[in-house]
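[1] after the sequence you'll find the predicted model.
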Amino acid sequence: MNPNELFDQIKKMIEKQDFSAAQKFLEENKDNLGDYFDKAKGLLDGAGGLDGVLQKVKGLFDGK
């Protein structure tokens, strides 16, 4: 796969909220992603960060 196709695969995993698979795929293909590596990492960090915040907020309300 070319770097653009690899990046698209990561985006699809993030859309499905499969962050662990996206992270693993990113690490396995970091040498093949070229310039897309930083974009994919930023996208994954942003999505994972958002998910983490949502989980914390949800946890606050589940505890009551």
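    Right, received. Where do you want to start?
[2] list the contacts for the most centrally placed residue in the chain?
    In the chain, the C-alpha nearest the mean C-alpha coordinate belongs to L44, at 2.8 Å (Cα atoms, centre = their mean). Neighbouring residues of L44 by Cβ atoms under 8 Å, 6 or more residues apart in numbering: 10, 14, 19, 22-23, 26. Just so you know, the C-beta spots here come from the backbone N, C-alpha and C atoms, and that holds for glycine as well.
[3] let me know the closest of these to K39.
    Nearest to K39 among these: I10, at 9.1 Å, using Cβ to Cβ.
[4] check what pLDDT E5 gets.
    pLDDT recorded at E5 is 96.
[5] count of neighbours near it?
    10 (other Cβ atoms under 10 Å).
[6] how near is it to K12?
    11 Å (Cβ to Cβ, to the nearest Å).
[7] and K39, by the same measure?
    Taking Cβ to Cβ as the measure, K39 falls 15 Å from K12.
[8] same deal with K24?
    Distance, K24 to K12, using Cβ to Cβ: 14 Å.
[9] can I assume F19 is in contact with A47?
    Yes: F19 is in contact with A47 according to Cβ atoms under 8 Å; the separation is 6.5 Å.
[10] filter the contacts of L44 to the buried ones?
    10, 14, 19, 22-23, 26 (16 or more other Cβ atoms under 10 Å).
[11] dump those to CSV, plus pLDDT and secondary structure.
    Shown next, in CSV, are these (pLDDT from 0 to 100; DSSP: H, G, I helix; E, B strand; the rest coil):
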residue, pLDDT, secondary structure
I10, 92, helix
I14, 85, helix
F19, 86, helix
A22, 90, helix
Q23, 90, helix
L26, 94, helix
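[12] for this protein, what helix or strand is lowest in average pLDDT?
    Least confident helix or strand of the chain, by mean pLDDT, DSSP states H and E, is helix 36-62 with a mean of 71.
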